[in-house]
Structures are given as structure tokens and as C-alpha cells.
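Provided below for reference: sequence and predicted model.
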Amino acid sequence: MRALARVDLGAIERNCARLAATAAPAQLCAVVKADGYGHGAVPAARAAQAGGARWLAVATAAEAEGLRAAGLEGPLLVMGALTGTELDVALRARADVVAWREEFVAAIAARGPAGVHVKLDTGMGRLGTRDVAEADRVAEAVAAASGLRLAGAMTHFATADDDPAFMRDQLAAFRPWADALASRHDGLLVHAANSAATLGEPESRLGMVRCGIAIYGMDPFQRDPADHGLEPALELRSYVAAVKRIEPGQSAGYGRRFVADRESWIGTVPIGYGDGVRRALTNNADVLVDGRRVPLVGTVSMDNVAVDLGDEPVEPGAEAVLIGTRGGERILAEDLARRLGTINYEITCGISPRVPREYDE
Ligand SMILES: Cc1ncc(COP(=O)(O)O)c(C=O)c1O
């Protein structure tokens, strides 16, 4: 196979079981937006449910529609902003939606029935109202509308991964409003925590946790997922398609960004930025070739990268692992993210549709 993302659904299931146990009695909501952070939303959602996720969450109406079309049942939340047309799609998918303006409540009520979660912006500065009085008006409008169910009260943390003090300030701003609302409305689901908060701040777990990155076995703190007993679910691999001798002064790849200073063996691996291997990894990554860690050399092209095999050539066809573990060697999405100055989320979301996903149960 030229390029393959192998997804271990058992790992997603076990990660969810671990998160569900950690969060209990709070429920686990598995966040499977952006095609399950690049892993495949439908298989990831099924594995998450098998691991004990009671809820699923996505960002868009089309994502909700896709899950229902694939036969996924159970509570489903669309967390993103919705236009009128998208609201139609979300409600047809029997998804709960998020509201923070009274006009939007009227738009939902005109289409209903639906479950609605009211969002207070406690510091993320994105979706939600900053005004507690407005949040109350929105909630009471939902409760009063026939066909609508006031299902949840929510907020979202801006810094759960790197500034726990600000997260605690957000939680302190959220709790009085949400608790008061819950005391007036039986069964209201109160939720705030993402993966980092779930793992780092027990007080944030409330009635439900919304975990994305951790269910895929990646570390929200950009360190080692094993620190939290999480197993990376995705492996990205290709193979060595060509092997050639290179002499001092000869180069590999566009722009001659790698020029050999000694005799060596160069392997060509047919995967590139067209597959999501970012060009900024030029001369700045490792690949596991037949389990041996070798440097990626030269410019990442759209469809190929080169690796320096040193004095040990391999046969064409040798395996090349860009994300994954072989023996004692391991390349994490977190490692690539560090080299790129980004986060693991962007690494797996960035694996392009050209790369087939294959699933291990
Ligand atoms: C509103 C909301 N809740 C929860 C999550 C899940 O976050 P994480 O992947 O960090 O667990 C996201 C994802 O960004 C989100 O936008």
C-alpha cells in the first residue's frame, strides 16, 4: 500500500473506557468532529460507544447527518454555530443543538422538536453569550417553547492544557449560573470539560465530559499519552519504493535542500504533503524503516519524501512508518507537532483524504 492510516479501534474503545471510568459519575461524550480528528468519524464513534461513551458530539450539521446515515444512534450534540439551513439538517439528524441568543431559540422552535444546550462564554471568547442574564433568558425561552427541551448548560475552556488557573476562573464563573439553572430544571446536563480538563481537573467533570483528543490516544498536554494510560490509535505508514546510492555532492529532492556529504543509501517513500506530511518537515523528521529510525532528508514533495538509510540499504518494499511504534522505536503525532510548532490535533486532522483508512478491531 502506497500510504495507509491504520486505525486501531480497540485502542479508541479502551481509551474511552478509561476516560469513562475516570470521569464517572460524569458521562462521557466522545467528540468525533473533523472526521474523528482524521481517524474516521463513523468507526471512531462506534468504538467510542463500545467503550462507554454515552454521547457523541460533532461541530457541524453535516457531520451529525453522516453519523445518523451510518446508523449511529444515541444522544448526539452539534456544538458549532448553525445557519437556518444547517439547523434543518441538524434537527433532521435528531441532534441536540447549542443556543446563546433568543432569536436562535425562536428559529429552533419554528423547526422543532429539539434538545437545546445553552452556552455561556466564560472566557473562551468564541461561541456563547458572556452575559449571564442573557443566558438565563435563552434558557427560559427554551424551557417555555413547546417542542423544545432544555437539555444542557455548557461552557468551553480556553486554557485547560496550559493554564489551569484561568480554567479554574472559567469554572468559577460557570458553576453558579449552571447550578442555579439545574436547580430550576430537573435533569439538566451541565458540561464544560474537554480532554485536558477531564484529565487535569476533577472538579471540572460535572455531569458530562466532552473528550476529543484523548479518545484517539493523543495527549492534550502534548507530552506522552502513556502518562494518562492512553494508547495512540493511528499509525501512518508507507514503504520504500526506490533505493539508490548517493555520492558526496549529490542531492535528493526539490531545491537540493539535502546534499550528501558522504556516500550513503537514499530511500524514496511515496508519501508527501498531498497526503498530509507537511512540507515544513523538510530535513526535519524521522521515519521508521523496517523498524530502524532514519532521518527524512530533503524537501517533502507532494507525493514523495526521501530518507537517508546510511550504510544499510533495504530492499524496495521495506515498510516506512511515519507515525507509529516498531519495537523500541516510536514516533508520536506529538513528536511531529513539536517539530512543526503545532499541536497533535492538526497532525491527524491533516492526514488527507487521499490516504485510505484501514481499521483493526
Ligand atoms: C466545544 C468543544 N468541546 C469539546 C471539545 C473537545 O476538545 P479536546 O479534543 O481537547 O478534548 C472541543 C474540541 O475542540 C470543542 O470545540
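The structure has been received and is ready for your questions.

in what helix or strand does residue 156 lie?
Counting by DSSP states H and E, no helix or strand carries residue 156.

give me the neighbour count for it.
25 (other C-beta atoms under 10 Å). (Each C-beta comes from the backbone N, C-alpha and C, glycine too.)

could you pull out the helices for the stretch 51-200 of the chain?
Along the stretch 51-200 of the chain, counting by DSSP state H, counting those that start in this stretch, helices occupy 61-69, 84-92, 102-111, 132-144, 164-184, 195-200.

nearest to residue 19, out of these?
Nearest of those to residue 19, taken as C-beta to C-beta: helix 195-200 at 6.4 Å.

how far away from the center of its chain is the helix or strand following that closest one?
Following helix 195-200 in sequence order, the next helix or strand is strand 208-211 (DSSP H and E). Distance of strand 208-211 from its chain centroid, counting by C-alpha atoms, centre = their mean, to the nearest Å, is 13 Å.

partners of strand 208-211 in the sheet?
strand 27-31 (parallel), strand 189-193 (parallel) (DSSP bridges).

what parts of the stretch 101-250 of the chain come near the ligand?
156, 194-196, 210-214, 220 (C-beta under 6 Å from any ligand atom).

count of neighbours near residue 128?
23.

oh, that last question was meant for residue 358, not what I typed.
12.

for it, phi and psi?
phi -120, psi 150 (degrees, to the nearest 10).

show me what it is bridged to.
On the basis of DSSP bridges, residue 358 takes part in beta bridges with residue 6.

where do the strands sit along the stretch 201-350 of the chain?
Using DSSP state E, counting those that start in this stretch, the strands of the stretch 201-350 of the chain run over residues 208-211, 234-239, 242-246, 251-252, 258-259, 264-269, 285-289, 292-297, 305-310, 319-326, 329-331.

adding mean pLDDT, distance to residue 341 and mean neighbour count, write these out as TSV.
TSV is the format used below for the strands of the stretch 201-350 of the chain (pLDDT from 0 to 100; distance: least, C-beta to C-beta, whole Å; neighbours: other C-beta atoms under 10 Å):
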stretch	mean pLDDT	distance to residue 341	mean neighbour count
strand 208-211	98	25	26
strand 234-239	98	19	22
strand 242-246	98	30	15
strand 251-252	98	25	20
strand 258-259	98	21	17
strand 264-269	98	23	22
strand 285-289	98	13	23
strand 292-297	98	17	19
strand 305-310	98	19	23
strand 319-326	98	17	21
strand 329-331	98	17	17
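
could you give the number of residues near residue 231?
18.

can you pull the contacts of residue 87?
With contact taken as C-beta atoms under 8 Å, 6 or more residues apart in numbering, residue 87 is in contact with 61, 97, 107-108, 111.

so the spatially closest residue to residue 291 that is not a sequence neighbour bridges to which residues?
Sequence neighbours aside, residue 326 is the residue nearest to residue 291 in space, at 3.9 Å (criterion: C-beta to C-beta, 6 or more residues apart in numbering). Note on residue 326: beta-bridge partners by DSSP bridges are residue 329.

distance of residue 326 relative to residue 38?
Distance of residue 326 to residue 38, given as C-beta to C-beta, to the nearest Å: 21 Å.
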